Structure formats: C-alpha cells, structure tokens
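# Compute the structure for the input listed below.
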Amino acid sequence: MKMRRGGRADSRMERKTVEKYRRMHMKSLCLQLSSIIPKEHRTTSKNGLTQNDSLDQATSYIKKLEERIENLKQRRLTWAMTETNGVTVGFQLPILEVRHRDMDLEILLISRVSKRFMFHEVINVLEEEGADVVNASFSTVGDKIFHTIHSKAFSSRIGLEASRVSERLKDLVQ
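As a prediction, the model looks like this:
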C-alpha cells in the first residue's frame, strides 16, 4: 500500500513540475509576444500590464495589421506603384511610354499578366508607321509584364511621328 501512495506522490510531483514548466513556458511566450508589439501600439498603465492586457494589445495590433494588409491588397489590384527619385507616384496599368530621339523610337509598355494583348500587333503598328524593330524584350515581375522595344525609322527622309505611334498603341493596349 505504501508503494501506491509513494507512486501517487511521485506522479503528483511530476504533474506539478510539468504544470510549473508549462506556466513558465507560457509566460515566456507572452513576454516574447508583447516585446514584438511596437511601442506606438502599446498602452501602459501605472500598475504595468497584466498578461491579459498584453494579449489584448497583441490581438488588436494583429487585427490592425490584417486590415492594413487587406487595404494594401486592394490598392495593389488597382494601382502600380513606381518610385522615382525617392518620390512614390501611382500609375494605373497599362502604362505606355514612347520616347523619340532623332531616328530612334523606344517604347516601354507595362501591363498586368492578366491583361493579354497580342505583342505582334504592337510590332505591326510600328512597322506600319515606318519603324524597323531593332530589339524587343520583356520581363515578368510579380503580376506585371515589362515590354521594351527599340526601333529605327526605315528612311531618314520619312522619319517617325512619335505622337501618332503613341496614339495607335494606346488604342491597342487599352
């Protein structure tokens, strides 16, 4: 009979020890969680924070982050952000930029992967306007496709009318 009591006592001590380590581990995790919350989102009182207060603040901070993520996802769907000289400017896709210099014409076209257009139609427009495509390349970054086309005028006498090329390409990709 004493064996059983000793066994019970040992198992009780084991449970107490296990529970003590569990509480210490939970306290450590709560402290770690509260240390992650930025100071701007913490509210402190004279008596300090209890674990419940700390968990409440962590919960509200996580909810704010979720709202912010959702807001940014919505903005990303409608706007493409470009940084120029440290200034962030928003552009609606597709973006078409036509640069004309002497006999050269450079076209930059940024569109979404989901917005398909026929690339050969862009080349056809250039050829119809008197341009010979020298180089064409594209790259995909995230959900955007960046097209770059370099071309030269067929004839120096005829030249290129950049505004007309730009208008025709806008009609094509919009």
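
# I figured residue 121 hits residue 172, correct?
Yes: using CB atoms under 8 Å, residue 121 makes contact with residue 172 at a distance of 5.8 Å. No exception for glycine: its C-beta is placed from N, CA and C like everyone else's.

# who's more crowded, those two?
residue 172 (16 against 13; other CB atoms under 10 Å).

# Residue 23: neighbouring residues, count only.
Residue 23, neighbours per other CB under 10 Å, totals 10.

# now it: how far from residue 29?
According to CB to CB, to the nearest Å, residue 23 and residue 29 sit 11 Å apart.

# And residue 126, by the same measure?
Applying CB to CB, the value for residue 126 to residue 29 is 62 Å.

# Kindly report the same for residue 71.
29 Å.

# Residue 147 now?
From residue 147 to residue 29 the distance is 50 Å (CB to CB).

# buried stuff in stretch 115-132?
Neighbour-count burial for stretch 115-132 flags 117, 122, 125-126, 129-131 (criterion: 16 or more other CB atoms under 10 Å).

# Which members of those are the farthest-apart pair?
The span of the buried residues of stretch 115-132, defined through CB to CB, is set by 117 and 130 at 21.8 Å.

# need the helices for the protein, in chain order.
With helices called from DSSP state H, the chain shows them at 2-36, 51-78, 119-128, 162-173.

# Turn the ones you listed into JSON lines, columns for mean pLDDT.
What follows is the helices of the chain, written out as JSON lines (pLDDT from 0 to 100):
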{"stretch": "helix 2-36", "mean pLDDT": "83"}
{"stretch": "helix 51-78", "mean pLDDT": "84"}
{"stretch": "helix 119-128", "mean pLDDT": "86"}
{"stretch": "helix 162-173", "mean pLDDT": "84"}
